[in-house]
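Novice: sequence plus the predicted model coming up.
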Amino acid sequence: AISIEQRNASGNPRSTVGTQTEIYDYLRLLFARIGYLRCYKCALPIQRQSSQEIVDKIFFSYSAKSVHILAPIIRGKKGEYQKILSQIHKSGFTRCRVDGNIYELPAEIKLQKYKLHDIEVLVDRLVIKSESKNRLVDSVETALKVGKGIVIVSTGERIPKDGGLKFTSGKSTELIFSEQYACSKCQVNIPEVQPRLFSFNSPYGACPDCHGLGIKLEFDPELVIPDKNKSINQGAIEAWKRGGKGYILYYRWLIREVARVRDFSLDLAFNKLGKDDQKAILYGCADYAGNKPFEGIIPHLERIFKETKSDYLKEEISRFMSSMPCPVCLGARLKKESLSITINEKNIWQVTRMSIQQAQSFFKNIKLNDLERTISRQVLKEVIQRLQFCIDVGLGYLSLERKSNSLSGGEAQRVRLATQVGSGLVGVLYILDEPSIGLHPRDTSRLIATLNVLRDLGNTLIIVEHDESVIRSADYIIDLGPGAGRHGGKVIFAGNKIDLLKDRASLTAKYLRRELMIGLPEARRPWKNVKSIEIKGAREHNLKGIDVKFPLGVFICVTGVSGSGKSTLVNDILFRGVTRQLYKTKEKPGLHKRITGIENIDKLIMVDQSPIGRTPRSNPSTYTGVLSYIRDIFSFLPDSKMRGYRAGRFSFNVKGGRCEACQGDGIKKIEMHFLPDIYVKCDVCKGKRFNDATLEIKYKGKSIADILDMTVEEALGLFENIPRVRVILATLQEVGLGYIQLGQSATTLSGGEAQRLKLSAELSRRSTGRTLYILDEPTTGLHFADVEKLLAVLQRLTDKSNTVIVVEHNMEVVKCADYVVDLGPEGGDEGGQVIGAGSPEELVGAGKGYTSLSLKRIIG
């Protein structure tokens with residue numbers, strides 16, 4: 001049995017889509033076997049051949065022609081070389097070629113000391129025919145010995161004095177052969193070409209500067225001077241705001257001197273200064289009136305960071321650093337030797353940067369000779385097949401070099417699914433958790449076809465799913481309910497699709513029969529004449545320099561087919577750009593010209609499905625803050641006052657009231673050493689978390705432990721007369737979380753429950769009406785009924801004059817938006833354009849793109 005969970009991929013920065021699907025392993029093998037090797041300096045071809053292979057190649061290339069056999073001694077080096085020329089003659093050779101000219105030895109050859117020269121020994125001159133084969137073998141072996149593994153075969157034509165090759169009709173007048181992987185011109189040695197040469201996880205292939213990560217932590221000008229609208233006198237240089245008074249005064253004086261010498265004003269906004277002046281301030285210059293050049297802000301920070309032994313100072317300075325592409329490999333992760341090997345003019349990094357769809361097209365149309373095709377047939381077949389599996393599960397827009405830790409939960413799951421399909425296993429039980437997450441309705445059909453392929457191989461698939469098209473495609477359906485939490489846990493229906501549609505007890509069946517539906521809003525909020533946030537020139541990843549407007553105070557959906565650029569636009573550009581301006585965060589936004597209108601909001605909140613806590617101590621009552629009010633109530637009870645108990649007595653995080661045997665956890669961990677740890681209920685407090693004295697204090701007959709065991713709806717009845725508690729609990733009930741327990745461990749909550757818990761916390765707070773909420777696929781894990789409750793919450797948030805932006809494929813959500821931004825028309829490089837922007841009705845009327853077709857089927 002194999003469980004393929006819907007969770008974010010490995011946090012390992014070395015893991016990529018290519019390594020995870022094992023496609024990269026096949027690419028390494030392919031490039032090692034048929035890759036074309038060139039010198040990374042001069043781009044000349046490099047081949048390693050035995051002396052016999054060299055002789056055979058000469059016979060093939062120069063049959064019946066007169067050739068010169070030359071051994072290179074000096075290649076492109078400065079000097080007079082009189083001793084070397086004399087040594088050549090003493091070794092018994094009578095001719096040499098110097099800078100393309102052949103000389104009889106001994107001869108007076110004067111070379112200019114400071115010019116680059118090429119010197120080769122002329123080992124033999126002969127006509128290539130069968131009778132001369134033995135002589136050719138001897139000459140080639142002699143040349144290889146003298147030339148240290150390199151031999152040059154020339155037709156005897158004079159070549160340019162710069163030593164470069166002369167080409168006629170695309171063919172060189174001479175061939176260079178080597179027993180080693182070495183460039184005869186640059187003397188560059190290449191290691192033996194093996195698959196590990198293309199591995200960025202091996203020191204054999206990884207870039208030595210970034211160790212195969214492709215990125216380095218560098219000082220970021222955007223963090224050093226975050227607000228370029230400020231002048232230096234207004235404090236534009238953030239890095240100079242910390243430090244001793246003397247330090248700050250000294251650097252203010254220093255920059256004044258630089259400004260005086262270079263003649264620019266310190267009262268001028270930094271972005272209004274000339275490019276050369278900006279560069280001088282950041283990276284230093286020689287224009288300084290003192291006794292040494294101005295070091296520059298970034299070199300100064302680099303020096304301090306390198307020299308200081310203070311951890312505190314290093315931590316302070318690191319605030320101005322961010323991950324930047326490696327300056328040596330430019331993000332390719334590999335050594336330059338690895339990147340000099342190509343197939344059809346593409347190196348392995350260029351191939352992995354293509355979308356999976358493009359990569360498959362590249363390998364399908366690859367041009368190879370007969371030998372290369374024979375060598376690569378099986379490997380190519382496997383690569384093309386595995387790329388097709390990725391396309392079938394809706395991942396054709398991803399690139400193979402995409403980092404696994406940047407994938408959404410749905411994408412990560414489908415990558416693992418594609419890997420399993422590629423393995424070709426039979427007789428396996430697969431368990432999948434919502435594989436359709438992140439897919440546009442257009443792409444779901446291909447996913448279903450892939451699932452059917454897995455089934456038809458002889459495997460069994462159990463899928464937890466809420467997508468209607470996947471449910472309707474199942475052979476057997478199990479519907480659990482009738483409600484959630486304590487109200488669920490029963491099998492409502494088990495059978496085929498036809499029988500499900502006839503079932504009267506199933507809530508799922510009612511939605512499938514359209515007895516229950518998510519209705520359209522009675523009216524849409526106006527968006528045409530309101531303030532807005534606008535992104536100009538968005539061009540990160542596949543975005544085509546688009547301008548996108550987000551009206552404020554309305555409910556917005558950003559949609560489009562998978563890979564069209566939605567998450568890039570909203571998460572990488574909008575979210576990072578706004579948070580950097582509002583909160584001075586370090587994360588660099590995606591490429592764009594500018595974002596306007598940020599002054600119209602005062603807060604941005606990303607409401608995702610990440611856990612609200614990672615320990616049993618975190619629970620709904622602590623997250624929403626309701627436990628603080630409940631503890632206050634208990635501390636005011638007469639018994640508490642009589643005993644001197646304060647609010648802290650009723651906290652399981654503080655000594656005094658909690659059970660010290662389990663330290664308030666209610667459970668104990670038993671270490672099993674070589675086996676997973678086991679958790680058992682505390683035998684002292686029996687899982688209640690508090691000691692007996694604390695549990696004797698009761699409110700309306702309930703102890704603090706009893707209240708934490710209550711569901712939200714049960715607690716709502718108990719505290720209906722306490723306004724502060726009632727508001728929080730009522731909000732939880734409204735978002736559909738009435739069934740969860742107040743003390744339920746955060747680790748047991750699903751992603752959808754965690755997200756709605758965060759939304760309820762937002763609803764119960766006072767609103768300024770200037771908050772921007774961003775949600776990325778909030779319907780993940782939600783049933784039709786839960787989606788309806790989620791929409792009610794989002795509409796309530798928007799009714800408070802806030803702005804809600806949702807990245808979503810679920811058309812039931814899209815149809816309820818006031819304003820829709822549709823990206824496309826396809827995924828990957830064929831996407832990244834705005835197909836439509838307006839109300840759902842306007843998109844349907846325009847009739848452009850797949851979203852309009854899907855909306856038309858729902859709203860007509």
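Specialist: Sure thing, it's come through. Here the structure is a predicted model, which is why all the values come from computation and not from measurement.
Novice: nearest the geometric middle of the protein, what residue?
Specialist: S406 (3.1 Å; Cα atoms, centre = their mean).
Novice: torsion angles phi and psi at it?
Specialist: Dihedral pair for S406: phi -100, psi 0, per degrees, to the nearest 10.
Novice: separation between it and G458?
Specialist: Note on S406: its distance to G458, by Cβ to Cβ, to the nearest Å, is 35 Å. Just so you know, the C-beta spots here come from the backbone N, C-alpha and C atoms, and that holds for glycine as well.
Novice: identify the single longest helix in the protein, thanks.
Specialist: When the chain is parsed with DSSP state H, its longest helix is helix 370-392.
Novice: ok, residues contacting that helix?
Specialist: With Cβ atoms under 8 Å, 6 or more residues apart in numbering as the test, helix 370-392 has contacts from 17, 21-23, 26-27, 29-30, 33-34, 356-357, 359-360, 363-364, 366, 368, 396, 398, 415, 418, 421-422, 446-447, 449-450, 453.
Novice: show me where the stretch 451-600 of the chain has its helices.
Specialist: Under the criterion DSSP state H, counting those that start in this stretch, helices of the stretch 451-600 of the chain are mapped to 468-473, 497-502, 507-512, 566-567, 576-583.
Novice: just the C-alphas of stretch 459-477, formatted as CSV.
Specialist: Output in CSV follows, covering the C-alpha atoms of stretch 459-477 (Å, rounded to 0.1, in the frame of the first residue of the first chain):
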residue,chain,number,x,y,z
ASN,A,459,-4.0,-1.5,-8.9
THR,A,460,-6.7,-0.3,-6.4
LEU,A,461,-7.2,3.4,-5.7
ILE,A,462,-8.8,4.9,-2.6
ILE,A,463,-9.3,8.6,-3.1
VAL,A,464,-10.4,11.2,-0.6
GLU,A,465,-12.1,13.8,-2.8
HIS,A,466,-14.7,16.6,-3.0
ASP,A,467,-14.4,17.4,-6.7
GLU,A,468,-17.7,16.6,-8.4
SER,A,469,-16.1,15.3,-11.6
VAL,A,470,-13.8,12.9,-9.7
ILE,A,471,-16.7,11.7,-7.6
ARG,A,472,-18.8,11.0,-10.7
SER,A,473,-15.9,9.1,-12.3
ALA,A,474,-15.5,6.7,-9.3
ASP,A,475,-16.5,3.0,-9.6
TYR,A,476,-17.5,2.8,-5.9
ILE,A,477,-18.4,5.7,-3.5
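Novice: check which residues of that stretch are buried.
Specialist: By 16 or more other Cβ atoms under 10 Å, the buried positions in stretch 459-477 come out as N459, L461, I463, E465, H466, D467, E468, V470, I471, S473, A474, I477.
Novice: surely T450 forms part of a helix?
Specialist: Yes - the assignment for T450 is a helix, going by DSSP: H, G, I helix; E, B strand; the rest coil.
Novice: quick one: stretch 338-350 to chain centroid distance?
Specialist: Put simply, stretch 338-350 sits 22 Å off its chain's centre (Cα atoms, centre = their mean, to the nearest Å).
Novice: meant to ask about stretch 519-533
Specialist: The answer for stretch 519-533 is 34 Å, by Cα atoms, centre = their mean.
Novice: for it, buried residues please.
Specialist: Judged by neighbour count (16+ other Cβ under 10 Å), stretch 519-533 contains these buried residues: R524, R525, W527, S532, I533.
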